[in-house]
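Asker: Mind folding the following:
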Amino acid sequence: MTWRLPFLAAYPFLKKFPAAVARHADALDLFVDSGAFTAWTLKIDITLDEYCGFLDGLPVRPWNYLTLDVIGDPEGTRRNFDEMCRRGYAPVPIVTRGDGPGAIEDYYTVSDYVAFGGVAGVTNSSAAWCKAAMGIVGRRKAHLLGMTRMEWVKALRPYSVDSSTWMQAARFGTVHVYMGGGVMRQFNPRKGPPPRDVAARIRRYGIDPFALAKGDNLKGAWGLGQQVAALSWMELSYDCETALGTRLFLAAATEQYLDQLVWAREKVLDLRRPRATIETSACAPSSVL
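Answerer: Next up, the predicted model:
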């Protein structure tokens, strides 16, 4: 069975490119985020009717979708979840740091898959809360929203996590390079060439590591730096799932970035495909996590 791209998109962005998702439906598993945090940041409102109508109109059936949460309001989040269930939907509920152990257990009585918010960034307080919550979760399915610190992913082994960090090359010029074994390195090509081992990893992708700083190669979604980052995070996502059993969903906000993720998936699957014996050592998969 061919590995499918774990792809997450928030409703405020996804509503602009549903046709692109349909075009790539055979390659990805779509996880829909309600976009409540985005809406809260932009000071816009998303109504339950609006969100449910969007889910009904999607041209593909999503792999899963989150409830419409209410930032800073666990009770409001629970009301939205209950109302969506009453309307016949089966959203993934969201537990936040304001919820206690009872809320976690209660959600698991109505859903076999629960998402946990307020854990992105892994500060001391969020890490402690996350560790305590996962102690309650045990072997049940949990999604940690925005959690991609690999030391915590390895320790906690959640069912799934998500990240938009892979787009930082286009945003800030910082290139993430996957070194294998769950290790990601980063460097800024404008501040000097990459270390030798990092350069060797970039060459695996058929990209000249010393070309990243030339001209406009760090600009835009298809700049060389962003291509390296997309390929690197795709390899990490593949290794997380195959070695740890944790699905790493890569988030994107535009059709262009979705196209790049699908492109990166094909490149990575080709890189990981067994070759003739003479080529095996050069194209062997990275070490397991």
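Asker: Who are the packing partners of the longest helix anywhere in the chain?
Answerer: In terms of residue count, the longest helix belonging to the chain (DSSP state H) is helix 255-272. Helices and strands touching helix 255-272, by 3 or more C-beta pairs under 8 Å, 6 or more residues apart in numbering; DSSP states H and E, are strand 5-10, helix 18-23, strand 28-33, helix 224-239. C-beta coordinates here come from the backbone N, C-alpha and C atoms, glycine included.
Asker: avg pLDDT for it?
Answerer: Helix 255-272 shows a mean pLDDT of 96.
Asker: in that helix, what counts as buried?
Answerer: Going by neighbour count (16 or more other C-beta atoms under 10 Å), the buried part of helix 255-272 is 255, 257-265, 267-268, 271-272.
Asker: could you list every residue that touches residue 226?
Answerer: Neighbour list for residue 226: 167, 169, 170, 218, 220, 260 [criterion: C-beta atoms under 8 Å, 6 or more residues apart in numbering].
Asker: before we move on, back to that, turn the buried residues of helix 255-272 into CSV, including distance to residue 11.
Answerer: What follows is those, written out as CSV (distance: C-beta to C-beta, whole Å):
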residue, distance to residue 11
255, 15
257, 16
258, 15
259, 20
260, 21
261, 18
262, 20
263, 24
264, 24
265, 23
267, 29
268, 28
271, 33
272, 32
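Asker: Provide the count of other residues in contact range of residue 41.
Answerer: Residues near residue 41, counting by other C-beta atoms under 10 Å, number 10.
Asker: mind checking how far it is from residue 177?
Answerer: 29 Å (C-beta to C-beta, to the nearest Å).
Asker: next one: residue 71
Answerer: 34 Å.
Asker: With neighbour numbers in mind, choose between these two.
Answerer: Of the pair residue 71 and residue 177, residue 177 is the one with more neighbours under other C-beta under 10 Å, namely 27 against 14.
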